[in-house]
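Trainee: Just to be clear, the model below is a prediction. Sequence and coordinates:
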Amino acid sequence: MDFDNYQKEAQRTDRVPMRNEPDDTASLIVPMLGLAGETGQLLSEYKKHLRDGEAHRLFKERVSEELGDLLWYIANVASKFELSLSDVATANLAKVKQRWTDNGAERLNFDAGLPHNEQLPRRFEVQLVDVLGETGQRVRVLIDGSPFGAELTDNAYDPDGYRFHDVFHFAYAAVLGWSPIARALLKRKRKSRPLLDEVEDGGRAAVIEEGVAALVFDYARRHGMLEGVATLDFQLLRTIKDMTSHLEVRQRTTGEWEQAILQGFEVWRAVFAARGGRITVDLDTRRIAFVGPATAQP
């Protein structure tokens, strides 16, 4: 039986149908309470299984029964919100595939067909050199030995290492094949296609990327700078997807964003501990790595 047929048949046994009246709350509250109650029953059966082991001979049958009851209430709630259970299931599968799979290398290169000097280099080395400025520590960025961009500070009253945040942009470039900031630093904007350059490599896209970096940094600060963290809050990832929904990086999954963020913070923690360092950025292997202290002099 498919979901839509099940949903239609389940509605025939609804004892509290919608009445289309302003004070009609029971028709929604009853199935929602049913969901909570049947979830409790399912947990109770598992409790019995833990307690009695093989003596609880009807464990699978009871689990099947409770899951069936849950399915009935889910179908009932979907119907009362005028949702197709089949559409709900399809959307859920799409979401979890986004969360736990990636798109492989086939869509990594957003630069296909463009002149070589407008493509992100497939591999390069970055040095982050920590120097003392008038108001505190500053970071000088060198790419393949040449200085790029302005020196960065933490932009904070209390030093927190945000001055090393270019690491995150390079992580996005490596894992996602996308970073307007890295493009600007590397002077690889796609000027041969003016609209692409304006939308994807322009100021708005760069501000969005900086916003993502700041948002994730604040999240990380509340979670031990992600040390020992293997998965991120899905709400954070969904917010990032919403922020970038009009850009080419929308083709990347939440799982790929998660890997870019986790790799970026792994390298950031190493750079912060060493007060600078050398990192490699590899778009072919989709990796960013800390390789040792900076060799350039402050």
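Mentor: Looks like it arrived, so ask away.
Trainee: Tell me the helices and strands packed up against the strand ranked longest in the chain.
Mentor: Taking DSSP state E as the criterion, the chain has its longest strand at strand 123-133. Using 3 or more Cβ pairs under 8 Å, 6 or more residues apart in numbering; DSSP states H and E, the elements in contact with strand 123-133 are strand 136-143, helix 166-176, strand 276-282. Every C-beta, even on glycine, is put in place using the N, C-alpha and C of the backbone.
Trainee: The first one: which residues count as buried?
Mentor: The one in question is strand 136-143. Gln137, Arg138, Val139, Arg140, Val141, Leu142, Ile143 (16 or more other Cβ atoms under 10 Å).
Trainee: try stretch 67-78
Mentor: Across stretch 67-78, burial judged by 16+ other Cβ under 10 Å covers Asp69, Leu70, Leu71, Trp72, Tyr73, Ile74, Ala75, Asn76, Val77, Ala78.
Trainee: ok now the strand or helix carrying the fifth one, how far from the chain's centre?
Mentor: Secondary structure here is read from DSSP states H and E; on that basis Tyr73 sits in helix 59-80. On the basis of Cα atoms, centre = their mean, to the nearest Å, the separation between the geometric centre of helix 59-80 and that of its chain is 31 Å.
Trainee: can you check stretch 267-285 too?
Mentor: Worked out by Cα atoms, centre = their mean, stretch 267-285 lies 21 Å from the chain centre.
Trainee: got the buried residues for that stretch?
Mentor: Those would be 267-272, 274-283, for stretch 267-285 by 16+ other Cβ under 10 Å.
Trainee: Taking those residues together, which two end up most distant?
Mentor: Arg275 and Leu283 (27.2 Å; Cβ to Cβ).
Trainee: Summarise which helices and strands the helix holding Tyr73 is packed against.
Mentor: Helices and strands touching helix 59-80, by 3+ Cβ pairs under 8 Å, 6+ apart, are helix 3-11, helix 26-52, helix 85-100.
Trainee: neighbouring contacts of it?
Mentor: Here helix 59-80 makes contact (Cβ atoms under 8 Å, 6 or more residues apart in numbering) with 3, 6-7, 10-11, 13-14, 18, 27-28, 31-32, 34-35, 38-39, 41-42, 45-46, 48-49, 84-85, 88.
Trainee: Measure how that helix sits relative to helix 85-100, angle-wise.
Mentor: Put simply, helix 59-80 runs at 110 degrees to helix 85-100, going by axes from the mean of the first three to the mean of the last three Cα atoms, to 10 degrees.
Trainee: what's next to stretch 129-144, contact-wise?
Mentor: Contacts to stretch 129-144, defined as Cβ under 8 Å, 6+ apart, come from residues 124-128, 147-149, 151-154, 159, 163-164, 166, 185-186, 275-276, 294, 296-298.
Trainee: re the thing from before, partner strands of the longest strand of the chain, with direction?
Mentor: strand 136-143 (antiparallel), strand 276-282 (antiparallel) (DSSP bridges).
Trainee: Could you tell me the least trusted of those?
Mentor: The weakest mean pLDDT among those belongs to strand 136-143, with a mean of 91.
Trainee: Please export the C-alpha coordinates of that strand as PDB.
Mentor: The C-alpha atoms that make up strand 136-143 are tabulated as PDB, following Å, rounded to 0.1, in the frame of the first residue of the first chain:
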ATOM      1  CA  GLY A 136      46.900  44.200  19.100                       C
ATOM      2  CA  GLN A 137      47.600  41.100  17.000                       C
ATOM      3  CA  ARG A 138      47.000  41.200  13.300                       C
ATOM      4  CA  VAL A 139      47.200  38.500  10.700                       C
ATOM      5  CA  ARG A 140      49.000  38.800   7.400                       C
ATOM      6  CA  VAL A 141      47.900  36.400   4.600                       C
ATOM      7  CA  LEU A 142      50.400  35.100   2.000                       C
ATOM      8  CA  ILE A 143      49.200  32.800  -0.800                       C
END
